[in-house]
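Enquirer: Fold the following for me, if possible:
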Amino acid sequence: MNTKLNTFQRVRELTGWHAVAFAATLVQRMQPNYQLFCQATEYSDAEQFRKSLESIWQWLGRSGTKINFALQLDKVEEATPDAADFDNYGVYPAIDAAISLAATISLIMNDEPQGAVMVSKLSQGCVEAFVEAVAGESLSAEEIKQHPLMAWEVEFQTELLDALHNMSPSSDSIKLLKKLAVEEGVSNIGIEI
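Expert: All right, here's what the predicted structure looks like:
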């Protein structure tokens, strides 16, 4: 658990561009969870999720494009599924991804100063819930921590924090972050991209 706490403390210390870049990279990595849910249930249009996430990348790239993030937030909230309406497990990772996207937008709008921490916790929580769902039983904190998916999640967030330490806003930084998010070819819970 020390690694998780250490990770969260490091995320808490991120500010401005670095905090948004961290959160956006994790959301990019969770996007396949939302897309698969939409495909499996014919829920909503996964395209809105992609467009809202792309608007964050544009903001990070300092493209000069005027983006109405209040409108983007409304659209993401509309596209967030309600667990009560579905009886399959896939709704939960989709909700985590959508809430993470909304938290990242709120971070840009200065409405949620700890948005990056929320996204970090949602991503790890998504993995934890998935590990327990696959196991079919409640696992101890130590068993969850030692599971390969959770170890990979914590390692990914740590590597991302290390990479961000030396980054500044640029198109090259954005390309590198997007590449990091999809490099393994799977989402945080192993959904193929």
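
Enquirer: where along the protein do the strands fall?
Expert: Remark: no strands are assigned in the chain by DSSP state E.

Enquirer: Counting residues, name the longest helix you see in it.
Expert: helix 16-41 (DSSP state H).

Enquirer: Tell me which stretches of this protein form helices.
Expert: Under DSSP H, the chain gives helices at 2-12, 16-41, 46-60, 69-78, 91-108, 115-135, 141-146, 148-165, 171-182.

Enquirer: low pLDDT regions in this structure?
Expert: For the chain, residues meeting the criterion pLDDT under 70 lie at 1-5.

Enquirer: Point to the residue nearest the middle of it.
Expert: Val27 (2.6 Å; CA atoms, centre = their mean).

Enquirer: list the contacts for that one?
Expert: By CB atoms under 8 Å, 6 or more residues apart in numbering, the residues touching Val27 are Leu53, Ile56, Ala97, Ser100, Leu101, Thr104, Val119. The C-beta positions use only the backbone N, C-alpha and C, and glycine is treated the same way.

Enquirer: Buried subset of the residues you listed, written for PyMOL?
Expert: Isolation of the buried members of the contacts of Val27 (16 or more other CB atoms under 10 Å) is achieved in PyMOL through the command below:
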select buried, resi 53+56+97+100+101+104+119
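
Enquirer: any chance of the contacts of Val27 in CSV, plus distance to Leu164?
Expert: Below are these laid out as CSV (distance: CB to CB, whole Å):
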residue, distance to Leu164
Leu53, 18
Ile56, 15
Ala97, 21
Ser100, 17
Leu101, 19
Thr104, 14
Val119, 13
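
Enquirer: just to revisit the earlier point, tell me the spacing between the residue nearest to the centre of the chain and Ala141.
Expert: According to CB to CB, to the nearest Å, Val27 and Ala141 sit 26 Å apart.

Enquirer: now swap in Ile56 and tell me
Expert: Taking CB to CB as the measure, Ile56 falls 32 Å from Ala141.

Enquirer: next one: Gly61
Expert: On the measure of CB to CB, Gly61 and Ala141 end up 39 Å apart.

Enquirer: More neighbours: which of those two?
Expert: In this view Gly61 and Ala141 are compared by other CB atoms under 10 Å, and Gly61 has more residues nearby, 16 against 10.

Enquirer: Please name the residues that touch the residue lying closest to the more buried one once chain neighbours are set aside.
Expert: Using CB to CB, 6 or more residues apart in numbering and skipping the chain neighbours, the partner closest in space to Gly61 is Ile174 (4.8 Å). Residues near Ile174 by CB under 8 Å, 6+ apart: Trp57, Leu60, Gly61.
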